[in-house]
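In: Sequence below, structure please.
(one chain, ligands or ions: 1)
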Amino acid sequence: MLINAVPQRQGAVGPRAAELPDGCLALAELAGHVLGRPVHHVRQTRAVSEVDRGIASRAVLTGENRAAQLAALEAPGGPVLTVGGDCGVELIPIGVARFRHGPGLGVAWFDAHPDLNTAESSPSGAFHGMVLRSLLGEGDPEFAASPAVEPGRVLLAGTRVFDPEEEAAVSRGLAVTSADALKGVEKLYVHVDLDVLDPGEFTGLNYPEPDGWTIERLVSELDALARFEVVGAGITECVGTPREVEVLEPVLAALGRLLVSGK
Ligand SMILES: NC(=[NH2+])NCCC[C@H](N)C(=O)O
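Out: As a prediction, the model looks like this:
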């Protein structure tokens, strides 16, 4: 198992976005300790660029950040835990997993937000709110995955704040809120945006939403995925300090169990 720390912040535009790189470092260091693996640091610029075609920092996201992310996954030789950074860091590892493992790849998306906007429907211009839609092959062609994740093979879990266009995407069956989504799926990518948690559980959230899960619940929902071959995982949107992230140890351990389960 490889740990890739990807301190990208340009996919987020909120008041704490500039803290994402340090949150990434804190979480990646903890992941290294908990999982007993070295951490590979993927260089990401801290510079932002203008809104282009409705996407903030589009040039940075499609340029130097992406080149470094792709290079880091050239020959991983085993499952990778990607530590963000904003949720946009999932575009490359999930896209690569879909390419490698075929149309049967499923995605478990633990997140307060479905991230199913396009540049047109986004209220913010922030790419992290568009990343899952991109993985489903839609939206700005520079980001749209090809091959795309199959519609309906995405399970939304703990997701509770939808924009109108995201509701429409779910109605069309792009992503599914019942565990049926994973029927017939063998290989699975597990995405954890920490904002699936309640803000009272973890204070280092970039985009907190009320009424989230406890850490205990997240761990047991992750453990419930043990029957799948988990081919990759990501954990994103951390702005916590080294001290604050310590409560996430059980979450990292659960992701580690999934990634090394050897199936
Ligand atoms: N991964 C996240 N934190 N996403 C937040 C997205 C918020 C909102 N739906 C938007 O598109 O801007």
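In: C-alpha from now on. contacts and neighbour counts both.
Out: Noted.
In: Enumerate the residues of the stretch 151-263 of the chain near the ligand.
Out: For the stretch 151-263 of the chain, the residues found near the ligand under the criterion CA under 6 Å from any ligand atom are 163, 207.
In: Show me the shaky parts of the stretch 151-263 of the chain.
Out: 262-263 (pLDDT under 70).
In: Smallest distance to the ligand belongs to which residue of it?
Out: Proximity of the stretch 151-263 of the chain to the ligand (CA to the nearest ligand atom) peaks at Tyr207, 5.2 Å away.
In: got it, and the stretch 51-200 of the chain?
Out: Across the stretch 51-200 of the chain, no residue is closer to the ligand than Gly129, which sits at 3.7 Å (CA to the nearest ligand atom).
In: show me the contacts for the closest residue to the residue of the stretch 151-263 of the chain closest to the ligand other than its chain neighbours.
Out: In this structure, Tyr207 finds its nearest non-sequential neighbour in Asp195, 6.4 Å apart by CA to CA, 6 or more residues apart in numbering. Contacts for Asp195 were tallied using CA atoms under 8 Å, 6 or more residues apart in numbering; they are 111-112, 205-209, 212, 237.
In: Emit the ChimeraX select command for whichever of these are buried.
Out: For selection in ChimeraX, the members of the contacts of Asp195 meeting the burial criterion (16 or more other CA atoms under 10 Å) are listed in this command:
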select :111,112,205,206,207,208,209,212,237
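In: related to what we said a few turns ago, so is the residue nearest to Tyr207 in a helix, a strand, or just coil?
Out: Under DSSP: H, G, I helix; E, B strand; the rest coil, Asp195 falls in the helix class.
In: swap in Leu188?
Out: When the structure is reduced to helix, strand and coil (three-state DSSP), Leu188 reads as strand.
In: residues in contact with it?
Out: Taking CA under 8 Å, 6+ apart as the criterion, Leu188 is in contact with 105-108, 228-232.
In: how about a cut-off of 6 Å?
Out: Residues touching Leu188, when contacts are defined by CA atoms under 6 Å, 6 or more residues apart in numbering, comprise 105-107, 230-231.
In: Of those residues - the most surrounded one?
Out: Neighbour counts for the contacts of Leu188 were taken using other CA atoms under 10 Å; the highest belongs to Gly106, with 31 neighbours.
In: How many residues are close by the spatially closest residue to the residue of the stretch 51-200 of the chain closest to the ligand that is not a sequence neighbour?
Out: Leaving out its chain neighbours, the residue that sits closest to Gly129 by CA to CA, 6+ apart is Asp115, at 4.0 Å. Other residues within reach of Asp115 by the criterion other CA under 10 Å amount to 25.
In: and Asp115, that's in a helix?
Out: No: inclusion of Asp115 in a helix is not indicated when three-state DSSP is applied; the result is coil.
In: switch to numbering from 29
Out: OK, 29 is where the count begins now, so the last one is Asp143.
In: Was I right to think it contacts Gly153?
Out: No: judged on CA atoms under 6 Å, Asp143 makes no contact with Gly153 at a distance of 11.8 Å.
In: tell me which element Gly260 falls in.
Out: Secondary structure assigned from DSSP states H and E places Gly260 in strand 257-264.
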